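>>> dropping a prediction and its sequence here:
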Amino acid sequence: QVQVVESGGGLVQTGGSLRLSCAGSGRAFSTYAVAWFRQAPGKERELAAAIKWATEATYIADSVKGRFTISRDDNKNTVYLQMNSLKTEDTAVYYCLAAQRWLLRRAHEYTYGGQGTQVTVSS
């Protein structure tokens, strides 16, 4: 059993930065691929970034490439999403999801997920 809890969201101005954290419970967390999805009001949930177990690979969506980075610290059972140069269009609820398959594109395919953390970027 794995549980994930997101934190780090908040209100930031355009051009600012935030770092989201996804804290996982359970020794098996390091064997899971972890993804960050985001959902803006009125839009579908979209994959923003993902990281494979043992950091064998990472994925960054084109919409955030060059601005977002994903990393993990398996000693702390935590995955991070560093978000720089934030834009108003980054405003969304960000969800951390975990699965033992790599690069699943749809949120419902993941085994475990958190409640989300709100990121609001103001102009």
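Structure received.
>>> C-alpha only now, for contacts and for neighbours.
OK.
>>> helix or strand for the nearest residue to residue 98 once chain neighbours are set aside, which one?
What sits nearest to residue 98 in space, not counting adjacent residues and going by CA to CA, 6 or more residues apart in numbering, is residue 34, at 4.5 Å. Taking DSSP states H and E as the definition, residue 34 sits inside strand 33-39.
>>> next SSE downstream of that strand?
Proceeding C-terminally, strand 33-39 gives way to strand 46-51 as the next helix or strand, assigned by DSSP H and E.
>>> buried stuff in stretch 22-33?
By 16 or more other CA atoms under 10 Å, the buried positions in stretch 22-33 come out as 22-25, 29-30, 32-33.
>>> show me where pLDDT drops low in the chain?
For the chain, no stretch has pLDDT under 70.
>>> measure the residue nearest the centre of it to residue 84 for me?
Centre of the chain computed as the mean C-alpha position; nearest residue by CA atoms, centre = their mean is residue 36, 2.4 Å away. Here the criterion is CA to CA, to the nearest Å. By it, residue 36 lies 15 Å from residue 84.
>>> ok so, going back, from the buried residues of stretch 22-33, which is closest to residue 109?
Of all the buried residues of stretch 22-33, residue 33 has the smallest distance to residue 109: 12.1 Å, by CA to CA.
>>> got the contact list for the closest one?
When the contact criterion is CA atoms under 8 Å, 6 or more residues apart in numbering, the partners of residue 33 are 50-53, 98-103.
>>> where do the strands sit along this protein?
Under the criterion DSSP state E, the chain carries strands at the ranges 3-7, 10-13, 18-25, 33-39, 46-51, 58-60, 68-73, 78-83, 92-99, 112-113, 117-122.
>>> which outside residues touch the shortest one?
I take that to be strand 112-113. By CA under 8 Å, 6+ apart, the list of residues contacting strand 112-113 from outside reads 2-5, 95-99.
>>> for these, could you give me TSV that also reports distance to residue 75 and neighbour count?
Rendered in TSV, the data for the contacts of strand 112-113 read as follows (distance: CA to CA, whole Å; neighbours: other CA atoms under 10 Å):
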residue	distance to residue 75	neighbour count
2	15	15
3	16	16
4	15	24
5	16	18
95	21	27
96	18	31
97	19	28
98	17	29
99	19	21
